[in-house]
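Q: task: produce atomic coordinates for the following.
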Amino acid sequence: MKLKSLIALLLAAAMLLGLLSGCTTSPEEPETTTEATEPSTEPEVIDNYGKNDVTALANYSITTASPDDENMSAVIAVDADGNPVLTNRVMQLLYWLEFYTFMSSYGSYAVYFGLDASAPLAGQASLTENRTWEQYFLEAASLNFAEQYALYCRAKADGFTLSEEDQAYIDDISNPAGDLATSALAAGYESTEAYIQASFGPGVTLEDYLYYVEILSLIHI
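A: The predicted structure is shown next:
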């Protein structure tokens, strides 16, 4: 996924939110989905899904979130040196990107795969045996990020840097007068961050989005 594609997907996400009324959440506020930091006492699980406390839950959704919420700020992955590389905020972004990418690819045909966008994803069996659609997208997000971050680290170690074009796009994302901010205002949002939160949940920040954009732009996926 090139940088332009990621930005285009963000724009498409806002439109999808308007079309998928009654989806896992309301169009105004996507449901927050995170990796679990503390399992419930007796988690309801899908048979054979997961063998530990993180992957043993049947539902990873919470109803409210904010960028400074301790659950959203929780670090859920570190690198080989123990440095944090993934928080629940970024995981939520990755999760919804997986969902939007799937819906962009299949649209109304998603129903033929057993995905009902008008019902909670945690209550629907997915294409993968013993996985709900929520678990399916979470797992895909985790695996894809692991690969992307590994490539990102290798690229940095090999001396790769952002191209002028990619750097310009990244600078534009954080520019209050940039193209993305203009699109956000035109769509009725007060800022780029508000636009991002409407698409990926209230716990996601502009900084989180920029973090992922930089990873993708450096490895040119």
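
Q: hey, C-alpha coordinates of stretch 84-99 in CSV?
A: As requested, the backbone C-alpha atoms of stretch 84-99 are provided in CSV (Å, rounded to 0.1, in the frame of the first residue of the first chain):
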residue,chain,number,x,y,z
PRO,A,84,7.5,0.1,22.6
VAL,A,85,6.4,-0.3,18.9
LEU,A,86,2.6,-0.8,19.2
THR,A,87,-0.1,0.6,21.5
ASN,A,88,-3.8,-0.2,21.6
ARG,A,89,-4.3,3.2,19.8
VAL,A,90,-2.3,2.1,16.8
MET,A,91,-3.9,-1.4,16.9
GLN,A,92,-7.3,0.2,16.6
LEU,A,93,-6.1,2.1,13.6
LEU,A,94,-4.7,-1.1,12.0
TYR,A,95,-7.9,-3.0,12.8
TRP,A,96,-10.1,-0.6,11.1
LEU,A,97,-7.8,-0.3,8.1
GLU,A,98,-8.1,-4.1,7.7
PHE,A,99,-11.8,-3.8,7.8
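
Q: can you give me the buried ones in it?
A: 85-99 (16 or more other Cβ atoms under 10 Å). In this view, the C-beta of every residue, glycine as well, is placed from N, C-alpha and C.

Q: so which of these sit within helices?
A: The helices, defined by DSSP state H, take in N88, R89, V90, M91, Q92, L93, L94, Y95, W96, L97, E98, F99 from the buried residues of stretch 84-99.

Q: show the end-to-end separation of stretch 153-161, please.
A: Stretch 153-161 has an end-to-end distance of 11 Å (Cα to Cα, to the nearest Å).

Q: please point out which parts of it sit buried.
A: For stretch 153-161, by 16+ other Cβ under 10 Å, it's C153.

Q: could you give the mean pLDDT of it?
A: Across stretch 153-161, the average pLDDT comes to 93.

Q: ok, and what's touching that stretch?
A: By Cβ atoms under 8 Å, 6 or more residues apart in numbering, the surrounding residues in contact with stretch 153-161 are D79, L218, I219.

Q: please, where are all the strands along the chain?
A: For the chain, the strands defined by DSSP state E cover 32-33, 61-62, 75-78, 84-87.

Q: let me know the closest of the ones in helices among the buried residues of stretch 84-99 to A125.
A: A125 lies nearest to F99 out of these, by Cβ to Cβ, at 16.0 Å.
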